Every structure is written in structure tokens, then in C-alpha cells.
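Chemist: need a structure here:
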Amino acid sequence: MSLRRDQRGAVAAEFAVTVPAVILVVLLSVSVLLTAGKLVRLEQAVAQGARLAARGESDERVRSTVAHLVDGATVVIRLRGELVCIDSAVPLSTVLPLPSARASSCAVASTP
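Modeler: Numbers count the residues shown, from 1 in each chain. As a prediction, the model looks like this:
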């Protein structure tokens with residue numbers, strides 16, 4: 001039996017090469033999905049915060065609502081004419097070194 005035709009161990013070697021690549025792809029896919037979910041939650045939280053601020057709720061209530069919906073979010077409330085705008089940022093905890101996610105939303109302030 002020649003060495004060229006001996007296939008014993010070939011499957012194990014191929015398996016050993018492909019398993020780390022498959023695990024890496026799965027981990028990166030999960031990380032991307034978690035990051036996308038956090039971005040969607042941040043956008044929704046900022047929009048909800050802008051609606052609350054425009055309705056006349058206290059700044060503390062707006063901040064606590066956004067922070068409750070997205071853990072670790074920082075909130076800045078600002079007035080631009082008749083608009084109430086909410087800016088927020090949250091660090092992304094992924095396996096990749098990504099910058100903080102940022103979102104902003106404005107709503108027309110109600111007049112008492």
C-alpha cells in the first residue's frame with residue numbers, strides 16, 4: 001500500500017481544519033445579531049424618550065426610561081426651537097472593537 005493512496009486520517013484532518021472556522025463564523029454571526037438587536041432597542045428607546053420629553057415628562061423620567069430599555073445608555077436632552085431632541089449612546093460589547101452606537105430622535109413639544 002503506497003502512502004499516496006492511504007486516506008486514513010484525512011477526514012479527521014479536514015474536520016480539525018474546518019471546525020475552528022465554523023465556530024468563528026457562528027460566534028461572529030451571533031455577535032452581529034446581538035449588536036443589531038441593541039441598535040434597534042436604542043433607536044426605539046430614543047424615540048420613546050423624545051415622545052415622553054415632548055409630552056412634558058421630567059428629564060429624570062426620560063433618562064430612566066431610555067436607560068431601562070437599553071442598559072448602559074447615556075442620554076442628552078436638548079431643545080431646538082419647538083423640538084425636543086434626545087441623543088443617546090451605548091457601548092457595544094462584541095468580540096469586535098466597535099465604536100459606541102449612537103441614536104437621536106426629536107419630537108414636537110406640546111404646548112400647555
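Chemist: so where is the chain shaky, pLDDT-wise?
Modeler: 1-6, 94-95, 111-112 (pLDDT under 70).
Chemist: Check which element follows the helix or strand where V22 lies along the chain.
Modeler: Here V22 sits within helix 10-55, counting by DSSP states H and E. Per DSSP H and E, the first helix or strand lying C-terminal to helix 10-55 is helix 59-69.
Chemist: Mind listing what's buried along that following helix?
Modeler: Neighbour-count burial for helix 59-69 flags 62-63, 65-67, 69 (criterion: 16 or more other C-beta atoms under 10 Å). Where C-beta positions appear, they are placed from N, C-alpha and C, glycine not excepted.
Chemist: What is the helix holding V22 packed up against?
Modeler: Helix 10-55 sits against helix 59-69, strand 74-80, strand 83-90, strand 101-108, with contacts defined as 3 or more C-beta pairs under 8 Å, 6 or more residues apart in numbering; DSSP states H and E.
Chemist: looking at these, which is closest to V32?
Modeler: Between V32 and the helices and strands packed on helix 10-55, the tightest spacing by C-beta to C-beta is seen for strand 101-108, at 13.1 Å.
Chemist: Give me the contact list for the closest one.
Modeler: Contact with strand 101-108 is made by 35, 38-39, 42-43, 45-47, 49-51, 53-54, 80, 82-92, as judged by C-beta atoms under 8 Å, 6 or more residues apart in numbering.
Chemist: how much space is there between the spatially most central residue of the chain and A54?
Modeler: Centroid-nearest residue in the chain, with C-alpha atoms, centre = their mean: K38, separated by 2.8 Å. K38 sits 25 Å away from A54, going by C-beta to C-beta, to the nearest Å.
Chemist: Buried subset of the contacts of strand 101-108 as a ChimeraX selection?
Modeler: Here is the ChimeraX command that selects the buried residues among the contacts of strand 101-108 (16+ other C-beta under 10 Å):
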select :35,38,39,42,43,45,46,47,49,50,51,53,54,84,85,86,87,88,89,90,92
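Chemist: you'd agree L92 is up against S100?
Modeler: Yes - counting by C-beta atoms under 8 Å, L92 sits close enough to S100 to count as a contact (6.6 Å).
Chemist: could I have stretch 58-65 exported to CSV, CA atoms only?
Modeler: The C-alpha coordinates for stretch 58-65 follow below in CSV (Å, rounded to 0.1, in the frame of the first residue of the first chain):
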residue,chain,number,x,y,z
SER,A,58,-39.4,65.2,33.6
ASP,A,59,-35.9,64.8,32.4
GLU,A,60,-35.3,62.1,35.1
ARG,A,61,-38.2,60.1,33.8
VAL,A,62,-37.0,60.3,30.2
ARG,A,63,-33.4,59.3,31.2
SER,A,64,-34.7,56.4,33.3
THR,A,65,-37.0,55.2,30.5
